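1. From the sequence below, what's the structure:
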Amino acid sequence: MVLDRRTFTTLAAASVTASAVLPDRSRAAGRPPFRAVAFDGFPVIDPRPVGARLEEMFPGMGAQLGAVWRTRQFEYSWLRTLGGQYADFWRVTEDALLFAAKAMKISLSPEQRDRLMQAHLELKAWPDVVPALVQLRSAGLRLAFLSNFTAPMLDAVIRNSGLEGLFEDHLSTDKVSAFKPDPRAYQMAVDAFGLKKEQIVFAAFAGWDVAGARWFGYPTFWVNRTNASAEELGVTPDGAGAGLHDLVAFATAP
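-> Residues are numbered from 1 along each chain as shown. A predicted model of the protein is given here:
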């Protein structure tokens, strides 16, 4: 549904139970109040239906095929950025799927390929997203995606989930032809919001994105929905929690 004024007001008044990790350095050290949140895609977007479709189409092999697909998807994005051979994330995702199928010796028809790609345009937000975004907006924070996803992929999620009016213009890596964790990608939020790095919270889904955002200089909150282990890259997030209610507590703390 599209949020009307009454729905927005009702959700904004709802209380959120906070369990976010707030390291001592994050707010108590006199950091200026946060004024915006830049989101990776997956703290907002629930990717599980893609895995469900894989298992439906390839029973007993879906999980393994998905793991190979995801790994190669991000490897291709990083290799293309390093090699100066940018292609958008839709193309990267399709190429990675074709590789994964060949690697597992799965005969993938054009129709099956299209069904799996189409699944990315049918994704919706996690259940906790709408009330959390409304609370962030009601607290005066500006919101935008800073994602490897293409703008049409992000538009589909907005439309499927009734998130119209909550986000500013998408900061897709297509704008700079460089995938995260390239600094050019993270710089987009500074330029778009017109704010200092320390005024923008970056909400990451993956541990590697936590590292990239921290290296760039953003206060970073890890929305660790899968209870993943931290990467061994010499940095830690400024805050972490299992969902967006934890991010709200972190970003709006006095």
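2. can you give me the strands for the stretch 151-254 of the chain?
-> Shown for the stretch 151-254 of the chain, the strands assigned by DSSP state E, counting those that start in this stretch span residues 171-172, 200-204, 220-223, 239-241.
3. could I get the ones you listed as JSON lines with distance to Phe74 and mean neighbour count?
-> To be clear about C-beta, it is placed using only N, CA and C from the backbone, and glycine gets the same treatment. Formatted as JSON lines, these follow (distance: least, CB to CB, whole Å; neighbours: other CB atoms under 10 Å):
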{"stretch": "strand 171-172", "distance to Phe74": "16", "mean neighbour count": "24"}
{"stretch": "strand 200-204", "distance to Phe74": "14", "mean neighbour count": "27"}
{"stretch": "strand 220-223", "distance to Phe74": "17", "mean neighbour count": "29"}
{"stretch": "strand 239-241", "distance to Phe74": "21", "mean neighbour count": "22"}
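4. Nearest to Tyr76, out of the ones you listed?
-> strand 171-172 (16.6 Å; CB to CB).
5. circling back: would you convert the strands of the stretch 151-254 of the chain into JSON lines that also reports mean pLDDT?
-> Putting the strands of the stretch 151-254 of the chain into JSON lines (pLDDT from 0 to 100) gives the following:
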{"stretch": "strand 171-172", "mean pLDDT": "98"}
{"stretch": "strand 200-204", "mean pLDDT": "98"}
{"stretch": "strand 220-223", "mean pLDDT": "98"}
{"stretch": "strand 239-241", "mean pLDDT": "97"}
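6. and Arg115, which of those strands is closest to it?
-> Among these, strand 171-172 comes nearest to Arg115, with 23.9 Å by CB to CB.
7. in the lengthiest helix in the chain, what's buried?
-> Counting by DSSP state H, the longest helix found in the chain is helix 62-83. Residues 62, 65-66, 68-70, 72-74, 76-77, 80-81 are the ones in helix 62-83 that count as buried (16 or more other CB atoms under 10 Å).
8. What lies in contact with that helix?
-> Identification of contacts with helix 62-83 by CB atoms under 8 Å, 6 or more residues apart in numbering yields 50-56, 58, 85-87, 89, 92-93, 95-97, 99-101, 103-104, 106, 148, 178-179, 182, 208.
9. Give me the buried entries from these.
-> For those, a burial check counting by 16+ other CB under 10 Å picks out 50-51, 53-54, 58, 86, 89, 92-93, 96-97, 99-101, 148, 178-179, 182.
10. In strands, which of these appear?
-> In strands, judged by DSSP state E, none of the buried ones among the contacts of helix 62-83 are found.
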